[in-house]
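S.K.: One predicted model, sequence on top.
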Amino acid sequence: MDILKNVMGLFSANLHGDIKQHGAWDFFFRQLLRKKKKELGQQETLLEKMVAARKLIQQEHEKCSRVCDELEENLVLAVEKHRTRIIINQLSPMLNHRDDLRHHIKSLDWVIKTFEYSLESQRLQYDQLKNKAMLYFYSTDNGQWYNTVSGSVQQTTQNIP
């Protein structure tokens, strides 16, 4: 949708004679590259937050498992003393909580893997767009195409014969 708005803006700008043709496409590519880079940065930050949340839930699961193990050991001792009711009342909710955490970890793993796949796809699209912009700037021969694209494109263009 944003790309369509940008293209429509370029056509309307060209119709009104506000900007030159090459300047419009230079502006379009630079603006689109900045926007995509910003979106990728935001999505990478979101992915880092999801991974951090998964680690916290994993730690909580391990803590809950230790408590459940202790309660099960206490249950064996309580059976000998005929006082199992208190331990069972404590153990049952902890086991349920541990199971809930395990299911939550599995679902987060799936979400993280799906998000990583989507993010990798977006990175590839960004790289393709960057390469197209680099080729456009190279073909225009305006002498300033090195300055219009980010540093990583400059590095790749130095290898072009």
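M.R.: Arrived safely. Numbering: from 1, shown residues only.

S.K.: so where does Ala78 fall, helix or strand?
M.R.: helix 21-81 (DSSP states H and E).

S.K.: Taking helix 21-81 as reference, get the angle to the helix or strand following that helix.
M.R.: Per DSSP H and E, the first helix or strand lying C-terminal to helix 21-81 is helix 84-140. Computed by axes from the mean of the first three to the mean of the last three CA atoms, to 10 degrees, the angle separating helix 84-140 from helix 21-81 equals 170 degrees.

S.K.: helices or strands next to helix 84-140 in the packing?
M.R.: In terms of contacts (3 or more CB pairs under 8 Å, 6 or more residues apart in numbering; DSSP states H and E), helix 84-140 is packed against helix 21-81, helix 145-148, helix 151-157. Yep, even glycine has a C-beta here, placed from its N, CA and C like the rest.

S.K.: Nearest to Leu101, out of those helices?
M.R.: helix 21-81 (4.2 Å; CB to CB).

S.K.: worst-scoring helix or strand of this protein, pLDDT-wise?
M.R.: The helix or strand of the chain with the poorest confidence is helix 151-157; it has a mean of 47 (mean pLDDT, DSSP states H and E).

S.K.: that older thread, so how far is the helix holding Ala78 off the chain centroid?
M.R.: Mean C-alpha position of helix 21-81 versus that of the full chain (CA atoms, centre = their mean, to the nearest Å) differs by 10 Å.

S.K.: which helices and strands sit right next to it?
M.R.: When contacts are defined as 3+ CB pairs under 8 Å, 6+ apart, helix 21-81 sits against helix 2-16, helix 84-140, helix 145-148.

S.K.: could you redo the last one with a cut-off of 6 Å?
M.R.: helix 2-16, helix 84-140 (3 or more CB pairs under 6 Å, 6 or more residues apart in numbering; DSSP states H and E).

S.K.: For these, please prepare a markdown table with the additional fields mean pLDDT.
M.R.: As requested, the helices and strands packed on helix 21-81 are exported to a markdown table (pLDDT from 0 to 100):
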| stretch | mean pLDDT |
| --- | --- |
| helix 2-16 | 55 |
| helix 84-140 | 86 |
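
S.K.: Can you say which of those helices is packed in most?
M.R.: helix 84-140 (a mean of 14; mean count of other CB atoms under 10 Å).

S.K.: Make CSV out of the helices and strands packed on helix 84-140 and add mean neighbour count and distance to Ile87.
M.R.: Shown next, in CSV, are the helices and strands packed on helix 84-140 (neighbours: other CB atoms under 10 Å; distance: least, CB to CB, whole Å):
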stretch, mean neighbour count, distance to Ile87
helix 21-81, 14, 5
helix 145-148, 16, 70
helix 151-157, 13, 60
